[in-house]
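>>> My questions are about this predicted structure, shown below with the sequence.
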2 protein chains.
Amino acid sequence: ALPENGRGASGRRVIIIGGDGYCGWATALHLSARGYAVCIVDNLVRRNYDAQLGLDTLTPISSIHQRVRKWGEVSGKAIDLQIGDICDFDFLKDVVVNFQPDAIVHFGEQRSAPYSMIDRAHAVYTQHNNVLGTLNVLFAIKEFKPDCHLVKLGTMGEYGTPNIDIEEGFLTVTHNGRTDTLPYPKQGGSFYHLSKVHDSHNLAFAARAWQLAATDLNQGVVYGVATDETTADPALINRFDYDGIFGTALNRFVVQAAVQHPLTVYGKGGQTRGYLDIRDTVRCLQIAIDNPAAPGEFRVFNQFTEMFSVNDLARIVSEQGNRLGLDVQVKSVPNPRVEKEEHYYNAKHTKLRDLGLEPHLLGDNIMDSLLNFAIINKHRVDRNLINPAVDWRKAGSASGTMTAAAART
Amino acid sequence: ALPENGRGASGRRVIIIGGDGYCGWATALHLSARGYAVCIVDNLVRRNYDAQLGLDTLTPISSIHQRVRKWGEVSGKAIDLQIGDICDFDFLKDVVVNFQPDAIVHFGEQRSAPYSMIDRAHAVYTQHNNVLGTLNVLFAIKEFKPDCHLVKLGTMGEYGTPNIDIEEGFLTVTHNGRTDTLPYPKQGGSFYHLSKVHDSHNLAFAARAWQLAATDLNQGVVYGVATDETTADPALINRFDYDGIFGTALNRFVVQAAVQHPLTVYGKGGQTRGYLDIRDTVRCLQIAIDNPAAPGEFRVFNQFTEMFSVNDLARIVSEQGNRLGLDVQVKSVPNPRVEKEEHYYNAKHTKLRDLGLEPHLLGDNIMDSLLNFAIINKHRVDRNLINPAVDWRKAGSASGTMTAAAART
Ligand SMILES: NC(=O)c1ccc[n+]([C@@H]2O[C@H](COP(=O)([O-])OP(=O)(O)OC[C@H]3O[C@@H](n4cnc5c(N)ncnc54)[C@H](O)[C@@H]3O)[C@@H](O)[C@H]2O)c1
Ligand SMILES: NC(=O)c1ccc[n+]([C@@H]2O[C@H](COP(=O)([O-])OP(=O)(O)OC[C@H]3O[C@@H](n4cnc5c(N)ncnc54)[C@H](O)[C@@H]3O)[C@@H](O)[C@H]2O)c1
């Protein structure tokens, strides 16, 4: 376990934007349990996406008000809750002015690539919500708490799949006899991933122009559901998405295995990405907060612990599933995305390790507990939601595409 | 002169978004004169910025309706005029469906770096207008005219001032023994420049995912005012901005010299950029249209002809001004921007030359005619508008900053 950090334990003040979401909720509890003063900011739009598209988390989640109340009972710690949209600057300003954060953790974006590719309206919404919301956060810090450390969630997907090693945010290039260290070139593969690319560029500029302290966490794909705190009471359970729009690779496979649906490998399955356990997400966030960027510094950490191809994951899930008595099939489905299905991939991820991260690797234990978790909850699985629902090439402008996308699932 | 292109002269259909603006108006007339079927799309917001901030072009410009009417009389050619906002997708869709363009030239963005740095609202407006407007253009092409070639204006300012040579859009990197050609790293220096960086990333993705044909013109700073067509009648004259928000370097110096205001060099004046004559802007656009990108190709041209430092320009303007009997002083003012004032700068710009561009270089002739033009119009100069009006470091969130900015000018 991480050593308790003196300053953290002694009441460092942290706003968590997106604190009702998958990563945000786990992080809020992790920090609150360790003595940080936590304020959750969320407009609950993620719950609304589910309503719009007829999706649901595998795990029945309580309202954010119930969650926060229950956490107070269980832990004796109060979490401040501010419901509102960071695109509404007056709201955000009031929160920052009143809470006076030492750090703002910014998870609060539309985070599904397929959602951003449903149609024009969803693409525009995603870039509006994410890019302009983040601009507001930058201005709120600059104006009202300039020494506040911004810890912003990006994604490994910003880099795409270049044919060279992926470094952590920057690349030192020698070209025509001269050398410079430049932002690592970005090649986002959806309007969602691109929104993160845009955010990163805006952050780098704001740090430089205004001497803000900013950390960009290029996170890999998160798997798992339980953290020490979310398991303390059923009302604290985290969300677990398995559908074709919000579900992420490993979590989806585990649910597919539990309901004996063939694992849906997109195309050839050679797509390789970085992955991490949600128990490491919360630790990475704590590490970033405890070791803040310097004023004017724009810092990038690649936040994942292991690389897997989709075929690797399918193999791991089948082997472990079959060992548990499931009959796991693997099926290649036409790839709804535009991406390379066989490619070089070698991404660096040492900076968080150097600051003390001790990873939970994907071993039999976590696979077992994840599969058992899915089996226990399998009565809640809607098989209609499992297949990919959004095709990159078909993203259109017609209104009503959203309904169509839901119907297609 | 450029050879008339057969297809162009035979009626290639071109939508010019931002056709009421400085580059757009000159381009619209240039193409119309050469037999292209031109449709101007503009929401006239540029005229509104002037109204908001109390600015005005040096040259009294006619309404767009009068301009288009007069052009019809003078040339015998009709230009289609569609007033509307490309952020309104229904409007844009109708224009594309009805006009069926072979090419869309997209100038239609908020294009002032200082304007984007006035305050939070102007930063958010700029990225909203530019990034989401361009997303709409991409979707309109994809849905309603997928073989239409998009010619999008970017800026050389997207690259910033790296310590290595700037290539045209892409950089071939060898790193740890492997080689790839990647998007050139971008380091925009204002929320405006960043909006163009965001656009470039969105374009690259759309070209790849949807097989669109796209050309990104990373344009340098444009100077000059007269083109063959805009001088054909006083009602056709182009706008000429000299104020601290919309005026660009050389044009500003020329007006300052004409009214015997010291040339306002920001800081040390070593800031080096690419420049081009507006007569070359219109030719570059024609070249890009006549030599379209292939389906799926995202192509980047650096569109400028010469590099100058601010001190170079101050020297050129003083020398030529003094020769014309003006007493030109040069003054260093505190730099309102956050930028390097001494730096390496070597940007490539061969692709448009290779396609036939014969540049108008900055010689005594153009300097003379620009200075004389400014002298003739100097009774229209408002000296209050000359100094820099927006400080990068002071960009705030308070509403009313806009009025303050205008008052500061
Ligand atoms: N889950 C992953 O595998 C993963 C991987 C890489 C990066 N990330 C990034 O981590 C962050 C959190 O991801 P997650 O899986 O927890 O997503 P999530 O959708 O579960 O949580 C995001 C939360 O932000 C809130 N939100 C969105 N827009 C908001 C706005 N304008 N104002 C206020 N609140 C808003 C939503 O209501 C939601 O509760 C995201 O930025 C995501 O891009 C996640
Ligand atoms: N002028 C330069 O030196 C220079 C240098 C590099 C790049 N550029 C780029 O070239 C393009 C044209 O520059 P310019 O100097 O002619 O600018 P401009 O402001 O004179 O013209 C832009 C036009 O676009 C219109 N417009 C803006 N938003 C719109 C929207 N949402 N819908 C419809 N119309 C809209 C404005 O009303 C204006 O008429 C811009 O994209 C600019 O960034 C210009």
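Looks like it arrived, so ask away. Numbering: from 1, shown residues only, chains lettered A, B, ... in the order given. Ligands and ions are numbered 1, 2, ... in the order given.

>>> Tell me who's in contact with the residue of chain A found nearest ligand 2.
In chain A, the residue that lies nearest ligand 2 is A:Val124 (13.0 Å; Cβ to the nearest ligand atom). C-beta here means a position set from N, CA and C on the backbone, and glycine is covered the same way. Counting by Cβ atoms under 8 Å, 6 or more residues apart in numbering or on different chains, A:Val124 touches B:132, B:135-136.

>>> if you set the cut-off to 10 Å instead, what comes out?
Applying Cβ atoms under 10 Å, 6 or more residues apart in numbering or on different chains to A:Val124 gives the contacts A:116, A:191, A:397, B:87, B:89, B:128, B:131-133, B:135-136, B:139.

>>> And for A:Gly396?
Per Cβ under 10 Å, 6+ apart, neighbours of A:Gly396: A:118-120, A:404, B:139, B:142-143.

>>> Narrow the residues you listed to those that are buried.
Neighbour counting with 16 or more other Cβ atoms under 10 Å in any protein chain shown marks A:118-120, B:139, B:142-143 as buried within the contacts of A:Gly396.

>>> A:Asn136 versus the residue of chain A closest to ligand 2, what's the distance?
17 Å (Cβ to Cβ, to the nearest Å).

>>> Least confident of the contacts of A:Gly396?
Least confident of the contacts of A:Gly396 in the model: A:Ala404, at 47.

>>> any idea where the helices of the stretch 51-200 of chain A begin and end?
For the stretch 51-200 of chain A, the helices defined by DSSP state H, counting those that start in this stretch occupy A:64-75, A:89-99, A:113-116, A:120-127, A:133-144, A:191-210.

>>> Could you say which one of these comes nearest to A:Arg299?
Proximity to A:Arg299 (Cβ to Cβ) singles out helix A:191-210 among these, at 8.6 Å.

>>> relative to helix A:191-210, how tilted is the very next helix or strand once past the closest one?
Next in sequence after helix A:191-210, counting helices and strands by DSSP states H and E, comes strand A:213-219. On the basis of axes from the mean of the first three to the mean of the last three Cα atoms, to 10 degrees, strand A:213-219 is oriented at 160 degrees to helix A:191-210.

>>> Could you list the contact residues of the stretch 1-150 of chain A toward chain B?
A:87, A:89-90, A:92-93, A:117, A:119-121, A:123-128, A:131-136, A:138-140, A:142-144 (Cβ under 10 Å from any Cβ of the partner chain).

>>> Make a PyMOL selection of whichever of the residues you listed turn out to be buried.
This is the PyMOL syntax for the buried subset of those, where burial follows 16+ other Cβ under 10 Å:
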select buried, chain A and resi 87+89+92+93+117+119+120+121+123+124+125+126+127+128+131+132+133+134+135+136+138+139+140+142+143+144
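
>>> Return only those of the residues of the stretch 1-150 of chain A next to chain B found close to ligand 1.
A:87, A:133 (Cβ under 6 Å from any ligand atom).

>>> What are the boundaries of the strands in chain A?
A:13-17, A:37-42, A:80-83, A:103-106, A:149-155, A:170-175, A:178-183, A:213-219, A:221-223, A:263-266, A:272-277, A:298-303, A:306-309, A:330-333 (DSSP state E).

>>> Quick one: work out the angle between the fifth one and strand A:298-303.
Spelled out, it's strand A:149-155. Using the same axes, to 10 degrees, strand A:149-155 lies at 50 degrees relative to strand A:298-303.

>>> which one is A:Gly224 nearest to, not counting chain neighbours?
A:Ile278 (4.3 Å; Cβ to Cβ, 6 or more residues apart in numbering or on different chains).

>>> can I assume the one you found is in contact with A:Cys23?
Yes: at 7.0 Å, A:Ile278 counts as touching A:Cys23 under the criterion of Cβ atoms under 10 Å.

>>> Find residues that contact each of the two.
In contact with both A:Ile278 and A:Cys23: A:222, A:238, using Cβ under 10 Å, 6+ apart.

>>> what number of residues lie near A:Asp364?
11 (other Cβ atoms under 10 Å in any protein chain shown).

>>> Correction: the previous question concerned A:Lys77.
So A:Lys77, with other Cβ under 10 Å, has 16 neighbours.

>>> swap in A:Ile376?
Neighbours of A:Ile376 (other Cβ under 10 Å): 11.

>>> which stretches of the stretch 251-400 of chain A have low pLDDT?
A:399-400 (pLDDT under 70).

>>> Output the helices of the stretch 51-200 of chain A as a markdown table; include the columns distance to B:Phe240.
Shown next, in a markdown table, are the helices of the stretch 51-200 of chain A (distance: least, Cβ to Cβ, whole Å):
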| stretch | distance to B:Phe240 |
| --- | --- |
| helix A:64-75 | 56 |
| helix A:89-99 | 35 |
| helix A:113-116 | 41 |
| helix A:120-127 | 34 |
| helix A:133-144 | 32 |
| helix A:191-210 | 29 |
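
>>> Pull up the residues of the stretch 151-300 of chain A that are close to ligand 1.
Residues of the stretch 151-300 of chain A lying near ligand 1 (Cβ under 6 Å from any ligand atom): A:153, A:155, A:219, A:221-222, A:248.

>>> Report the two of those residues separated the most.
So, these by Cβ to Cβ: farthest apart are A:Leu153 and A:Thr248, at 13.8 Å.

>>> who touches both of these two?
Common neighbours of A:Leu153 and A:Thr248 (Cβ under 10 Å, 6+ apart) are A:Arg111.

>>> Pick out whichever of the two has more residues nearby.
A:Leu153 (26 against 19).

>>> Next, the contact list for the more buried one, please.
Contacts of A:Leu153 (Cβ under 10 Å, 6+ apart): A:17-18, A:21, A:23-24, A:27, A:105-109, A:111, A:196, A:199, A:215-219, A:281, A:285, A:303.

>>> what does A:Ala140 give?
A:Ala140 touches A:15, A:86, A:89, A:91-97, A:101, A:104, A:148, A:150, B:120, B:397, counting by Cβ under 10 Å, 6+ apart.

>>> Which positions in the stretch 251-400 of chain A make contact with chain B?
Checking the stretch 251-400 of chain A against chain B by Cβ under 10 Å from any Cβ, the hits are A:337-339, A:344, A:346, A:392-399.

>>> What's the PyMOL line that selects buried ones from those residues?
In PyMOL, a selection of the buried entries from those looks like this (16+ other Cβ under 10 Å):
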select buried, chain A and resi 337+338+339+392+395+397
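
>>> Just the residues of the stretch 251-400 of chain A next to chain B: which are in helices?
Using DSSP state H, no member of these sits in helices.

>>> Which pair of the residues of the stretch 251-400 of chain A next to chain B spans the longest distance?
Farthest pair in those, by Cβ to Cβ: A:Asn346 and A:Ser399, 42.6 Å.

>>> quick revisit: name the nearest of the contacts of A:Ala140 relative to ligand 1.
For these, the nearest to ligand 1 is A:Ile86 (4.1 Å; Cβ to the nearest ligand atom).

>>> wait, doesn't that closest one sit right on A:His106?
Yes: counting by Cβ under 10 Å, A:Ile86 touches A:His106, with 8.2 Å between them.

>>> Good, we can wrap up now.
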